[in-house]
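**Student:** Sequence plus the predicted model coming up.
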Amino acid sequence: MSSIGLQRRSVVVTGAGSGIGRATALAFAREGAKVLVADLDQEGAEGVVETIAAEGGTARAVVGDLADQQVVDRVVSTAVEAFGGLDVLVNNAGIMDRLSAVADTDDAEWDRVMRVNLTAPFLLTRAALPHMVSAGRGSIVFTASEAGLRGSAAGAAYTVSKHGVVGLVKSLAVMYRDQGIRTNAIAPGGTATAIRVDARPGAHGPAVIGAYAGNIGRIATAEEQAAAIVFLASDAAANVNGVVLPVDNGWSAV
């Protein structure tokens, strides 16, 4: 039996088709949890489900845009119907901006980053909460970012979206702790994933951000980020609530 209380728990992981999300889905499954793999990429999501099944675990995939309320409802209903409830929600899915400074951020860049990084996890959390409140327990973990702790780690849109995530975490932690629900986040530093930064050559934002790149330190693996997420979701962190945990090799201390 799992020593951290995740065996047979129902877990939703977003952005689980690759990177930190994939590593997190696999880590939960290896602890005995039943995992709903949510991602926009069908091939990636189904590949993770196949890997979990091959290792003897239980998983389902839901594919779609999590800024769409119908997709959000399908994620939650599938987890509840297939696994008998919803114990853990990991709001991990996110995209990077173009490192644009405010004056260079167009509406499309701003809207897309906010929609994926902040609106989608808000919608999914709102849909999951009634099930957790009814059960009298639940754990929600967000993937925030070092950019949610400072102003020198990304462009304007990404930075603001991740500061918004931090605010959402703290609000949830206060509002729902008496219902048995804990909400926390990791704040990754540099991490080896497939996420790409399509910065505009010669733009003001990338030039400024580049001056701080030397503070990142060792690049983390996706599995190191996943281990922190699993810890925060588990019974091992039973009295941890409202925390934003840097997983950044000390970058936040520089």
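**Tutor:** Ah, there it is.
**Student:** Work out which residue lies at the spatial centre of this protein.
**Tutor:** Nearest to the geometric centre of the chain sits Asn92, at 1.6 Å (CA atoms, centre = their mean).
**Student:** Arg22 is in contact with that one, correct?
**Tutor:** No - under the criterion of CB atoms under 8 Å, Asn92 makes no contact with Arg22, lying 9.6 Å away. Any C-beta I mention is one placed from the backbone N, CA and C, and that applies to glycine too.
**Student:** Could you check how many residues crowd around Ala144?
**Tutor:** For Ala144, the count of nearby residues is 27 (other CB atoms under 10 Å).
**Student:** Renumber starting at 59 from here on
**Tutor:** Let's use 59 as the start, then, which means that last one is Ala202.
**Student:** Contacts only, for it.
**Tutor:** The contact partners of Ala202, taken as CB atoms under 8 Å, 6 or more residues apart in numbering, are 220, 223-224, 227, 243-246, 302.
**Student:** per-residue confidence at it?
**Tutor:** On pLDDT, Ala202 comes in at 98.
**Student:** buried stuff in the strand or helix carrying Leu181?
**Tutor:** In this structure, Leu181 is located in helix 178-193 according to DSSP states H and E. Residues of helix 178-193 classed as buried by neighbour count (16 or more other CB atoms under 10 Å): 178-183, 185-187, 189-190.
**Student:** what's the lowest-mean-pLDDT helix or strand in the chain in contact with?
**Tutor:** Lowest on mean pLDDT, DSSP states H and E among the helices and strands of the chain sits helix 262-268, with a mean of 88. Outside of helix 262-268, the residues within contact range by CB under 8 Å, 6+ apart are 156-159, 161-162, 210-214, 257-258.
**Student:** Tabulate these (TSV), appending pLDDT and distance to Arg67.
**Tutor:** Shown next, in TSV, are the contacts of helix 262-268 (pLDDT from 0 to 100; distance: CB to CB, whole Å):
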residue	pLDDT	distance to Arg67
Arg156	94	38
Leu157	95	38
Ser158	96	40
Ala159	96	43
Ala161	97	46
Asp162	96	44
Ser210	93	37
Ala211	92	32
Ala212	94	33
Gly213	96	36
Ala214	97	38
Ala257	75	40
Arg258	79	44
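**Student:** Surely Thr285 touches Ala85?
**Tutor:** Thr isn't right for residue 285; it's Ala. Yes - shown here, Ala285 and Ala85 form a contact pair, counting by CB under 8 Å, at 6.6 Å.
**Student:** where exactly do the helices run in the stretch 109-258 of the chain?
**Tutor:** Using DSSP state H, counting those that start in this stretch, the helices of the stretch 109-258 of the chain run over 127-141, 165-172, 178-193, 214-234.
**Student:** biggest strand in the chain by residues?
**Tutor:** strand 239-246 (DSSP state E).
**Student:** tell me what that strand is packed against?
**Tutor:** Counting contacts by 3 or more CB pairs under 8 Å, 6 or more residues apart in numbering; DSSP states H and E, strand 239-246 is packed against helix 178-193, strand 196-201, helix 214-234, helix 280-291, strand 302-305.
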